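>>> can you look at this prediction? I've put the sequence above it.
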Amino acid sequence: MSKRQVTNEQFQEIKSKVGQAESAVKQIPISAISVDHETLRKGRILVGGNPVKVSNGFFSKLGSMLKISSSLTRSMIEKGDTKIAAALINGLKDYAVQNKSKDVMLIANINTKEIVDICTPARYKRVTNETLFDVTERILNDNSSLLLETVDFNPLTGKASINFLNQDEVNFAKAGKDEFFKFGFSLIQTTKDTIVESYNQRLICTNGLRSSLGGGVIGGTSDKAMSFDDKFRLGGTSTEDIRIFLNKIEDMKKANFVPGTFEGAINRAVGTKASYLEVEKAWKSATAKVEEFDPELKKQYQAAMARDFFHAYGNVANRIKNKGVDPFSLNEKQKSFIKTDMSIWDVVNSMTFLGSNNSGFELANKHELKYSAGELFAKGSKEGYDLEFAQFASL
């Protein structure tokens with residue numbers, strides 16, 4: 001097997017661990033599922049009349065599949081309006097049967113022994129974890145330039161991300177003379193999908209970043225530039241589907257795995273100040289992962305994280321207070337207009353550092369911050385950062 005940062009021994013250990021956490025999947029008639037106010041209250045559904053435990057987010061997913069607003073479903077259950085919610089869910093389920101939506105896939109986490117997701121059979125496009133690792137070994141054997149950087153895994157959700165890096169180093173001058181990156185991709189396993197997404201590593205501090213910058217022409221150097229998707233899903237589980245999937249990865253390889261839009265995106269992130277809202281969301285995303293049962297100690301850790309990694313959050317809150325305004329009274333729109341002294345790139349790097357390195361804080365599933373940081377980074381290419389066009393406010 002090719003050289004990697006994850007050793008072969010570690011790879012086999014991870015493969016065994018993730019393999020043991022395979023989801024249990026069962027196809028059943030939707031008519032076999034029902035709910036009542038008691039099962040909703042207890043976080044269960046009835047399958048063939050038998051109560052089965054479901055995860056916290058399951059009812060939102062069930063409601064979404066039945067075309068019910070997920071926020072409405074969640075609100076009803078949280079407020080105790082379980083009789084109304086049960087009548088709505090059962091009624092729409094019966095309507096779905098009449099419209100020939102007869103079968104569904106129930107997806108369960110075998111560790112927590114609860115159903116975590118639901119979808120139609122046609123929507124389920126995921127290989128097994130065993131097949132995913134077989135594909136990983138095949139990719140590494142066929143591509144000597146690729147390293148297996150990390151394998152991120154959340155045992156509670158069963159989600160996994162296998163992160164590959166090309167060994168070539170790439171520099172972007174406007175981002176800084178020391179800003180070198182390695183580019184690659186992640187093989188991502190969710191409850192019902194197998195996905196490829198762009199992945200890179202900032203070498204100065206080995207920060208990993210998962211990002212999807214959207215469509216368009218993407219590619220490496222001018223002689224390698226070409227069009228390819230920087231995020232795509234497995235189309236199905238047949239041999240032909242897997243072949244097409246691997247061919248798309250081969251297209252990425254021809255462009256050295258470098259999204260052509262990355263340089264422009266990093267320049268925008270470096271040159272744009274983060275809003276108070278953007279810093280706050282990043283800080284909350286990171287501090288939510290602090291593992292500490294003592295509430296007072298947890299507050300101390302969260303405050304230290306704000307000071308060390310998101311200093312702008314506290315500084316701006318104090319600035320707002322000094323102006324005679326309570327920062328907690330502001331809504332998201334108002335916060336999005338307030339400038340901080342951190343750039344978007346500063347915030348992204350704080351998140352990726354916490355998600356990739358030993359920061360001194362005990363964080364649960366810290367690797368998920370690499371994805372959250374990627375979402376913030378990609379925001380500039382999709383809808384724009386909050387303050388990116390602030391200079392036009394006076395026009």
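The structure has been received and is ready for your questions.

>>> and for residue 322, the neighbour number?
Neighbour count for residue 322, taken as other C-beta atoms under 10 Å: 8. Every C-beta, even on glycine, is put in place using the N, C-alpha and C of the backbone.

>>> phi, psi of it?
phi -70, psi -20 (degrees, to the nearest 10).

>>> repeat that for residue 196.
According to degrees, to the nearest 10, residue 196 has phi -110, psi 140.

>>> next one: it, what pLDDT does it get?
pLDDT, residue 196: 94.

>>> list the residues that contact it.
Neighbouring residues of residue 196 by C-beta atoms under 8 Å, 6 or more residues apart in numbering: 185, 186, 187, 188, 231, 232, 245, 248, 249, 252.

>>> strands - which of those land there?
185, 186, 187, 188, 231, 232 (DSSP state E).

>>> give me the number of residues near the residue lying closest to the fifth one once chain neighbours are set aside?
Once its chain neighbours are removed from consideration, residue 231 has its nearest residue in residue 212; the separation is 3.9 Å (C-beta to C-beta, 6 or more residues apart in numbering). Counted with other C-beta under 10 Å, the neighbours of residue 212 add up to 21.

>>> how about residue 20?
Neighbour tally, residue 20, other C-beta under 10 Å: 11.

>>> what ranges do the helices span in the protein?
Remark: helices assigned in the chain by DSSP state H are 8-20, 37-42, 58-65, 70-78, 82-98, 129-142, 239-254, 262-271, 276-287, 295-309, 311-322, 332-335, 344-356, 368-382.

>>> related to what we said a few turns ago, quick check, nearest of the ones in strands among the contacts of residue 196 to residue 267?
Closest approach to residue 267 among these (C-beta to C-beta): residue 231, at 21.4 Å.

>>> ok, that closest one touching residue 195?
Yes. Using C-beta atoms under 8 Å, residue 231 is in contact with residue 195, at 6.7 Å.

>>> so who does residue 164 touch?
Going by C-beta under 8 Å, 6+ apart, the list of residues near residue 164 reads 139, 140, 146, 147, 148, 149, 184, 185, 186, 187, 199.

>>> most surrounded residue in these?
residue 199 (28 neighbours).

>>> surely that residue meets residue 207?
No. Counting by C-beta under 8 Å, residue 207 is not a contact partner of residue 199; they are 11.4 Å apart.

>>> quick one: closest of the helices of the chain to residue 173.
helix 262-271 (9.0 Å).

>>> circling back to that earlier point, CSV for the contacts of residue 196, including distance to residue 289?
Below are those laid out as CSV (distance: C-beta to C-beta, whole Å):
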residue, distance to residue 289
185, 24
186, 19
187, 23
188, 19
231, 24
232, 28
245, 31
248, 32
249, 30
252, 30
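
>>> brilliant, that's me finished.
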